[in-house]
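[1] let me see the structure of the following:
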Amino acid sequence: VSPNFGQGSAFLAEAIMTFFLFSVIAETALRKRLDFKANIQLDGIGFNAPIAIGFAVFCAHMVLIPITGCSINPTRSFGPLVIASARGLPDDSTYWEDFPIFLFAPIIGASLAAICFRLTRISDKAIKEHAVDHRGPEKPRSTMAGDTKTAL
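    Here you go, the predicted structure:
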């Protein structure tokens, strides 16, 4: 944790940015869209999720690097800390004292985001009722062989 920030500020920042990241993941990669057509092969989830998730990780790093170094993942902090401890930490090191922040703040942030995701869940029945086909009505199209098939 940066000396310019307190333990509480670091904890809150890690929890908020983990909440933000998991919310983006849940909304883009997990939640079904209301505008997909149910009878096509794709299920309407996560077409552009990697872009949104990448931007969320970028934003989390931009905010947290000056504060905590940006953990947002307990294993990302634990593994390097164990290796650094095995190699020998300086005597005045506070890395293990800061570890609870990197362990509990992401767990709390992601848990709160999961609860919010669950509470705002849309039923499958509502999704099917509101499914919209943006491609318009099916139109006959000709193929190279000259026969006519129905367009998807």
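
[2] elements contacting the helix or strand containing residue 24?
    In the assignment (DSSP states H and E), residue 24 maps to helix 7-25. Where contact means 3 or more Cβ pairs under 8 Å, 6 or more residues apart in numbering; DSSP states H and E, helix 7-25 is packed against helix 49-64, helix 95-119. Placement of C-beta: from N, CA and C, glycine included.

[3] identify each buried residue in that helix, please.
    For helix 7-25, a neighbour-count test (16 or more other Cβ atoms under 10 Å) marks 10-25 as buried.

[4] give the rounded mean pLDDT of that helix.
    Taken as a whole, helix 7-25 has a mean pLDDT of 92.

[5] nearest spatial neighbour of residue 103, skipping sequence neighbours?
    residue 74 (4.9 Å; Cβ to Cβ, 6 or more residues apart in numbering).

[6] now for that neighbour, how many residues are close by?
    18 (other Cβ atoms under 10 Å).

[7] measure it to residue 110 for me?
    As judged by Cβ to Cβ, to the nearest Å, residue 74 and residue 110 stand 10 Å apart.

[8] contacts for the helix holding residue 24 next, please.
    Residues from elsewhere that reach helix 7-25, judged by Cβ atoms under 8 Å, 6 or more residues apart in numbering: 1-2, 5, 49, 52-53, 55-57, 59-60, 63-64, 67-68, 70-72, 98, 101-102, 104-106, 108-110, 112-114, 116-117.

[9] could you rerun that using 6 Å?
    Contacts to helix 7-25, defined as Cβ atoms under 6 Å, 6 or more residues apart in numbering, come from residues 1, 52-53, 56, 60, 63-64, 67-68, 72, 101, 105-106, 108-110, 112-113.

[10] measure how it sits relative to helix 95-119, angle-wise.
    Counting by axes from the mean of the first three to the mean of the last three Cα atoms, to 10 degrees, helix 7-25 lies at 40 degrees to helix 95-119.

[11] so where's this protein shaky on pLDDT?
    Along the chain, the parts satisfying pLDDT under 70 run over 32-46, 94, 122-152.

[12] okay if I get the helices and strands packed on helix 7-25 as a markdown table plus mean neighbour count and distance to residue 86?
    Listed next are the helices and strands packed on helix 7-25 as a markdown table, based on neighbours: other Cβ atoms under 10 Å; distance: least, Cβ to Cβ, whole Å:
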| stretch | mean neighbour count | distance to residue 86 |
| --- | --- | --- |
| helix 49-64 | 14 | 26 |
| helix 95-119 | 16 | 12 |
